[in-house]
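Asks: Kindly generate the corresponding structure for this input.
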Amino acid sequence: MKSAIKGTGFSALLIASISLLLLALTSPLQQNPPQKLTQMRAPIIHVKGNHYEVGYQIGTLLKENLLNEVNHLKSRSDWEQLRANGELFLAYSQKHLPEYIEEYQGAADALGIELEELFPTICEELFYPEFFKGCSDLIASGDVTDDGSVLVAHNNDTEPGPVTIIHYQVTGEPEILAVGYGGLGISVGYNSAGISLTGNQVDSTDIRVGVPRMLLVRKILAAKRIGEAIDAAIMEQRASNYNQVIADANGEIYSIEGSATDYEAIYAVDGYLVHTNHYVAPRMRKFELYPNHITGSIVRYNRAMRLMKGSLGHITVETMMRFLRDHVNYPYSICRHGEEIKTTFSVIINLSTMKMLLAPGNPCEVEYSEYGFSPKK
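Replies: Okay, here's the model as predicted:
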């Protein structure tokens with residue numbers, strides 16, 4: 001009898017415990033619902049014409065931002081040296097990429113300043129290693145996505161700035177949708193020929209005078225085929241380089257790990273690719289400027305690889321959003337947080353539909369909005 005009473009008491013206790021657990025799981029007070037995301041769209045400006053004309057339009061439409069950049073540099077105690085050094089980079093650029101110097105000349109004329117005053121704002125090499133840009137890239141071809149789409153996902157980590165989209169319609173070039181920070185510099189983008197450009201800062205030991213890497217980005221986005229884009233990424237006269245992640249609508253994906261004097265082309269053999277802010281190719285590791293300060297990049301790289309491998313064949317736009325919101329190793333996570341350096345925008349480009357989703361801020365806080373090659377209304 002005692003045994004029976006014991007069993008009955010135990011069963012009752014077990015049932016009560018399960019009921020309490022189910023109540024806890026379903027109670028609104030115990031649930032952890034997704035944070036309500038802020039609705040925020042980045043402004044888009046439309047420019048059209050030849051190189052000089054689109055530069056003049058950019059200078060007119062983004063006048064305040066551009067003048068702020070110039071005035072900030074002119075307030076520095078080393079401004080005269082910066083300008084003099086910038087002229088050395090300008091000479092290389094005028095010789096090898098004159099069409100884009102025409103754009104900058106148009107912008108300078110719209111601002112009412114000399115080209116030599118504006119040009120240093122896109123010469124990141126002049127400030128090395130003062131600045132930091134982190135970035136995480138996760139790229140998937142149709143071989144590993146759920147519906148066969150080619151998806152390019154990217155978080156851009158920098159100091160906070162005014163995220164701006166420029167829709168270029170330049171004579172003789174594909175249309176370009178480029179994301180930057182309210183100036184002439186481009187961070188990521190894609191074009192109507194189905195070429196996308198994202199990438200990551202890598203700190204190399206061999207920076208030199210030459211064509212600034214920011215101009216390489218502009219040239220890559222003007223490419224009509226992926227081979228042409230890679231040629232632009234490895235221009236022999238370059239001053240330095242990023243890790244340039246280049247993909248096309250066919251699902252061809254390359255990570256061009258570059259320095260000023262060398263590069264390695266990493267191909268997405270298995271249909272997907274991940275990159276952060278350190279050299280991965282063994283032959284490029286000798287160029288790593290800060291080999292003892294890349295832990296955060298290594299963690300993001302391995303985390304992104306694990307996320308991608310665990311979802312092969314089932315990757316969707318929503319999957320990429322989840323990856324870009326990942327907080328492992330917070331605050332130095334894929335979705336990076338901080339006051340000085342943070343994820344300032346997150347983007348997913350679908351090269352199959354030719355649409356771009358952009359969140360101007362941390363993607364865990366800001367909703368993605370859709371953009372495409374729509375004309376100015």
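Asks: Run through who's touching stretch 191-199.
Replies: Stretch 191-199 is contacted from outside by 135, 137, 139, 152, 154, 173-177, 186, 188-190, 217, 220-226, 229, 242-250, 275, 347, 349, 351, 354, 373, using CB atoms under 8 Å, 6 or more residues apart in numbering. Every C-beta, even on glycine, is put in place using the N, C-alpha and C of the backbone.
Asks: okay, how far is it across that stretch, tip to tip?
Replies: Start to finish, the residues bounding stretch 191-199 are 16 Å apart (CA to CA, to the nearest Å).
Asks: Quick check: phi and psi on G194?
Replies: When read as degrees, to the nearest 10, the backbone of G194 gives phi 90, psi 20.
Asks: Correction: the previous question concerned I45.
Replies: Per degrees, to the nearest 10, the backbone of I45 is at phi -110, psi 150.
Asks: How many neighbouring residues does the closest residue to it other than its chain neighbours have?
Replies: Nearest non-adjacent residue to I45, counting by CB to CB, 6 or more residues apart in numbering: L61, 4.8 Å away. Neighbourhood size, L61 [other CB atoms under 10 Å]: 19.
Asks: just to revisit the earlier point, quick check: ChimeraX command selecting the buried ones in the contacts of stretch 191-199.
Replies: In ChimeraX, this line selects whichever of the contacts of stretch 191-199 come out buried by 16 or more other CB atoms under 10 Å:
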select :135,137,139,152,154,173,174,175,176,177,186,188,189,190,217,220,221,222,223,226,229,242,243,244,245,246,247,248,249,275,347,349,351,354,373
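Asks: I figured Y242 hits P212, correct?
Replies: No: Y242 is beyond contact range of P212, at 11.1 Å (criterion: CB atoms under 8 Å).
Asks: Strands of the stretch 251-377 of the chain, residue ranges please.
Replies: 253-258, 263-267, 272-275, 342-350, 355-359, 369-371 (DSSP state E, counting those that start in this stretch).
Asks: Can I get the ones you listed in TSV including distance to P331 and mean pLDDT?
Replies: Shown next, in TSV, are the strands of the stretch 251-377 of the chain (distance: least, CB to CB, whole Å; pLDDT from 0 to 100):
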stretch	distance to P331	mean pLDDT
strand 253-258	26	98
strand 263-267	28	98
strand 272-275	20	98
strand 342-350	8	98
strand 355-359	18	98
strand 369-371	25	98
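Asks: For the stretch 251-377 of the chain, which segments are assigned as helices?
Replies: 295-309, 317-324 (DSSP state H, counting those that start in this stretch).
Asks: and the ones you listed, which is most packed in?
Replies: Of all those, helix 317-324 has the most neighbours on average by mean count of other CB atoms under 10 Å, namely a mean of 20.
Asks: Now it: average pLDDT?
Replies: Averaged across helix 317-324, the pLDDT comes to 98.
Asks: tell me which strands and helices that helix is in contact with?
Replies: strand 134-140, strand 151-158, helix 295-309, strand 342-350 (3 or more CB pairs under 8 Å, 6 or more residues apart in numbering; DSSP states H and E).
Asks: the inter-axis angle of that helix versus strand 151-158?
Replies: Helix 317-324 and strand 151-158 are oriented at 30 degrees to each other (axes from the mean of the first three to the mean of the last three CA atoms, to 10 degrees).
Asks: now helix 317-324 against helix 295-309, angle please.
Replies: Going by the same axes, to 10 degrees, helix 317-324 makes 160 degrees with helix 295-309.
Asks: re the thing from before, is it possible to get CSV of the helices of the stretch 251-377 of the chain that adds distance to P331?
Replies: CSV is the format used below for those (distance: least, CB to CB, whole Å):
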stretch, distance to P331
helix 295-309, 10
helix 317-324, 15
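Asks: What strand or helix carries the closest residue to D231 other than its chain neighbours?
Replies: Spatial nearest neighbour of D231, chain neighbours left out: A223 (7.9 Å); criterion: CB to CB, 6+ apart. A223 belongs to no helix or strand when assigned by DSSP states H and E.
Asks: What pLDDT is listed against A223?
Replies: At A223, the pLDDT value in this model is 98.
Asks: where do the strands sit along the stretch 1-150 of the chain?
Replies: 44-49, 134-140.
Asks: Can you list the neighbours in contact with the last one?
Replies: When contacts are taken as CB under 8 Å, 6+ apart, the neighbours of strand 134-140 outside the stretch itself are 150-158, 198-201, 245, 247, 253, 255, 268, 271-277, 296-297, 300, 304, 307-308, 315, 320, 323-324, 334, 336, 341.
Asks: Same question for the shortest one.
Replies: For strand 44-49, contacts defined as CB under 8 Å, 6+ apart pick out 53-54, 57-58, 61-62, 164-171, 371, 375-376.
Asks: try stretch 307-314
Replies: L138, A140, V144, D146, G271, Y272, V274, I315, T319, F323, D326.
Asks: Recalculate using a threshold of 7 Å.
Replies: Outside of stretch 307-314, the residues that reach it under the criterion CB atoms under 7 Å, 6 or more residues apart in numbering are L138, V144, D146, Y272, V274, T319, F323, D326.
Asks: Tell me the one of these nearest S259?
Replies: V274 (20.1 Å; CB to CB).
Asks: what's across from the closest one in the sheet?
Replies: L138 (DSSP bridges).
Asks: Count the neighbours of it for me.
Replies: 25.
Asks: Run through the residues that contact it.
Replies: D137, L138, Y301, A304, M305, M308.
Asks: now it: how far from G310?
Replies: 12 Å (CB to CB, to the nearest Å).
Asks: cool, T205 as well?
Replies: In terms of CB to CB, T205 sits 35 Å off from G310.
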